[in-house]
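Enquirer: need coordinates for the following:
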Amino acid sequence: MKTNTIKHIGRSDFVNMGPVRLRQPLPTQSIDLIAPFILLHHYGPYEISAANNPFDLGPHPHRGFEPITFLIQGEQLHRDSLGNESVVKEGDVQWTTAGRGIVHSEGPTKGFVQKGGVIEGIQLWLNLPSEKKMSQPCHQHVKCDEFRVVSSSDGKITSQIIAGQLNDIHGRIATQTPVNAFVIKANTNGVQDFSYKNTHQGMLYLLKGKVKINNESILEVDGNQLIQFYQNGEGFKLEAIENSLLLFLSGEPINEEVATYGPYVMNTQTELLEAMRDYQMGKMGFLPVN
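Expert: This is a model prediction of the structure:
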């Protein structure tokens, strides 16, 4: 397999989002976006208790993209204006297609706050093409043990296939655009080749551990954490230097103008103004504070 060479190695520095402090590997000063991916936040690990609950996002709107949560540890309650209410647990994924508009909230369940524990996760924003930005919103919640898993030949690397496909194994999530999303757990000395279409832009985000990519670069959790690939090969080779956890993402670029403001991702400034107006008029639905 001809591997994709590395285009960029980026840091995952901390930013403040209101009362929440989290890592933001995308966007950064060096990378505006990796189309079709608009934003990636790594939140936590946070120690949650009745006296300390920094991660509780009340009702807020979205339009024009797909906000996705990969819960690494802990327990969160998801509610939305479509009437969905579900408890998202460790290893679960909730994949929301905001489309023309949805209001949702997420935060630790009351029971989790009372007993205390650690919450950590990934929030990903995946763009939608213009013809789907005003589509009917929907929500998918897939539990950890429902995902199909691909193992390396040495048995030391396992990949949950969230969306897309790996080695002809397909993910459980139904996607609006061609996308791959794998959660990779790699034990020390594990080696595996990962292939994907060269029409996709691909990236790896390292949550913990230390790995080598294509025998040439070591990615460490306390240093540079995100790798973006060129589209000049068929995939990449992963070798675990120590026990590691990674998120691999790839997708076909959407070659359209991108206009963002707060929780909206559209194509023009006019569409952003329309989104703000529609939310204020209640056209995205209502969700009472819990």
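Enquirer: could you list every residue that touches the residue nearest to residue 195 when sequence neighbours are not counted?
Expert: Spatially, and ignoring its direct neighbours in sequence, residue 195 is nearest to residue 235 (3.7 Å; CB to CB, 6 or more residues apart in numbering). For the C-beta atoms, the positions are set from N, CA and C on the backbone; glycine is no exception. For residue 235, the contacting residues are 1, 3-4, 193-196, by CB atoms under 8 Å, 6 or more residues apart in numbering.
Enquirer: how about residue 235, phi and psi?
Expert: When read as degrees, to the nearest 10, the backbone of residue 235 gives phi 150, psi -150.
Enquirer: and the gap between it and residue 37?
Expert: With distances taken as CB to CB, to the nearest Å, residue 235 is found 18 Å from residue 37.
Enquirer: please apply the same query to residue 243.
Expert: Summarising the geometry, the distance separating residue 243 from residue 37, computed by CB to CB, is 26 Å.
Enquirer: between these two, tell me which one has more neighbours.
Expert: Between residue 243 and residue 37, counted using other CB atoms under 10 Å, the more crowded position is residue 37 (22 against 14).
Enquirer: so the more buried one sits against residue 126, correct?
Expert: Yes - counting by CB atoms under 8 Å, residue 37 touches residue 126, with 6.1 Å between them.
Enquirer: find residues that contact each of the two.
Expert: The contact sets of residue 37 and residue 126 overlap at residue 251 (CB under 8 Å, 6+ apart).
Enquirer: helix or strand: which one has residue 278?
Expert: helix 269-280 (DSSP states H and E).
Enquirer: now that helix: buried residues?
Expert: Within helix 269-280, the residues that qualify as buried are 271-272, 274-275, 278-279, counting by 16 or more other CB atoms under 10 Å.
Enquirer: any chance of these in CSV with pLDDT and distance to residue 130 as columns?
Expert: As requested, the buried residues of helix 269-280 are exported to CSV (pLDDT from 0 to 100; distance: CB to CB, whole Å):
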residue, pLDDT, distance to residue 130
271, 98, 9
272, 98, 13
274, 98, 13
275, 98, 14
278, 98, 17
279, 97, 19
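Enquirer: give me the contacts around the helix holding residue 278.
Expert: Counting by CB under 8 Å, 6+ apart, the neighbours of helix 269-280 from elsewhere in the structure are 61, 63-64, 101, 103, 133, 259-261, 264, 266, 284.
Enquirer: can you do 7 Å?
Expert: With contacts defined as CB atoms under 7 Å, 6 or more residues apart in numbering, helix 269-280 is touched by 61, 63, 101, 259, 261, 264, 266, 284.
Enquirer: farthest pair in those residues?
Expert: When the contacts of helix 269-280 are compared pair by pair using CB to CB, the farthest-apart members prove to be 259 and 284, with a separation of 17.8 Å.
Enquirer: pull up the pairing partners for the least confident helix or strand in the chain by mean pLDDT, direction included.
Expert: Ranked by mean pLDDT, DSSP states H and E, the weakest helix or strand in the chain is strand 217-220, scoring a mean of 80. Looking at strand 217-220 with DSSP bridges, its paired strands and their directions are strand 210-213 (antiparallel).
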